[in-house]
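Chemist: Need a 3D model of the sequence below.
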Amino acid sequence: MCCGNDSCLSSGVCTPSLTWHAPPGVWHEAGVASGAWWNIGNACAIYGIIGLGYAVAYSLVQTALFVSGLLGIFVYREIRGAAIGVFFASGAVLTLGAVLLAVYA
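Modeler: Residues are numbered from 1 along each chain as shown. Below is the predicted model:
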């Protein structure tokens with residue numbers, strides 16, 4: 001059975017299309033902004049290693065996963081429904097751990 005696009009072989013096997021059509025507008029701007037913030041965060045992380053030590057600074061850098069998750073929820077709408085509550089609950093635990101690590105290390 002063919003998938004209905006122009007990339008089907010004569011045997012009826014569907015081959016994936018290698019072209020990607022980017023949606024206009026906010027998608028490109030949000031991607032560039034997130035990349036810029038990621039690079040600023042990496043520069044600050046390298047500087048933070050000097051004052052905090054590698055173990056603490058690297059652990060705090062891992063909270064970037066939470067920030068990228070926020071972008072996924074609010075900009076790209078990747079997560080919906082009850083999963084958002086689970087994300088924020090685990091994000092609260094992550095933030096609490098990062099604060100405790102920064103204060104007591």
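Chemist: and residue 31, how far is that from residue 90?
Modeler: 25 Å (C-beta to C-beta, to the nearest Å). The way it works is simple: take the backbone N, C-alpha and C, and place the C-beta from them, glycine included.
Chemist: Residue 31: how many residues sit nearby?
Modeler: The tally of other residues near residue 31 (other C-beta atoms under 10 Å) stands at 14.
Chemist: buried stuff in whatever helix or strand residue 73 lives in?
Modeler: Secondary structure from DSSP states H and E places residue 73 in helix 64-74. By 16 or more other C-beta atoms under 10 Å, the buried positions in helix 64-74 come out as 66, 69, 73.
Chemist: any idea which element residue 47 lies in?
Modeler: helix 26-52.
Chemist: after that helix, next one along is what?
Modeler: Sequence-wise, the next helix or strand downstream of helix 26-52 (DSSP H and E) is helix 54-61.
Chemist: who's in contact with that next one?
Modeler: With contacts defined as C-beta atoms under 8 Å, 6 or more residues apart in numbering, helix 54-61 is touched by 41, 42, 45, 48, 49, 51, 52, 98, 101, 102, 105.
Chemist: Residue 81 versus the nearest residue to the second one once chain neighbours are set aside, what's the distance?
Modeler: So that's residue 42. Spatially, and ignoring its direct neighbours in sequence, residue 42 is nearest to residue 61 (8.0 Å; C-beta to C-beta, 6 or more residues apart in numbering). From residue 61 across to residue 81, the span is 29 Å (C-beta to C-beta).
Chemist: Compare those two (neighbour count), which wins?
Modeler: Higher neighbour count among residue 61 and residue 81: residue 61, with 17 against 7, using other C-beta under 10 Å.
Chemist: Next one, pLDDT for the more buried one please.
Modeler: With respect to pLDDT, residue 61 scores 81.
Chemist: Then residue 12?
Modeler: Residue 12 is assigned a pLDDT of 60 by the prediction.
Chemist: Residue 35 too?
Modeler: Value listed for residue 35 in the pLDDT field: 87.
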